[in-house]
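1. Here's my sequence, what's the structure:
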Amino acid sequence: MEITSGPFYTTSSGLLESVDKKLMVILRDGRKLIGILRSFDQFANLVLQDTIERIYVGNCYGDIPRGIFLIRGENVVLLGEIDVDKEHRTNLRQVPVEDILIAQREEMEAKQRVDKIRSRVLHEQGFCVDNAQNDLY
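-> Okay, here's the model as predicted:
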């Protein structure tokens, strides 16, 4: 039987073309890392050089230098190459790390308040509310 078309299966070897390129990696815990891919293995464990952790809040962002970063493959949700030509042509504004951390904390506190209200309303309506935060999928 001959297969003329079908799905393309990718493996960690698909990362070979990305070595020495600038990538953004989004992790299961929501962190966004940007760095140069230097190495990977069959489990898609990644080594990034000159890594920064980028935090976005609204139309602002702040960068925290992280240096060399080893990422376990199972923690990668998404990764992609950054077009360095288009990187600076965005509507985002870079702010100092201290400012973005404050804005991130305020954003998280606001989200927690909304979630608490939502949980209370659902509970009052007879729904079981599971507040487990340990499954990040």
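
2. tell me, what residue is most central in the chain?
-> With distances taken as CA atoms, centre = their mean, Ile26 lies nearest the centre of the chain, 2.2 Å away.

3. contacting residues around that one?
-> Taking CB atoms under 8 Å, 6 or more residues apart in numbering, we find Ile26 in contact with Lys32, Leu33, Val76, Val77, Leu78, Leu79. Glycine gets a C-beta too; all of them are placed from N, C-alpha and C.

4. Pro65: which of these is nearest?
-> Using CB to CB, Leu33 comes nearest to Pro65 of the contacts of Ile26, at 11.2 Å.

5. what's the neighbour count on that closest one?
-> 21 (other CB atoms under 10 Å).

6. Where do the strands of this protein begin and end?
-> Secondary structure of the chain (DSSP state E): strands at 22-27, 32-40, 46-57, 60-71, 76-81, 93-94.

7. which of the contacts of Ile26 tops the neighbour count?
-> Leu33 (21 neighbours).

8. Low-confidence regions, the chain specifically.
-> Scanning the chain for pLDDT under 70 picks out 1-13, 131-137.
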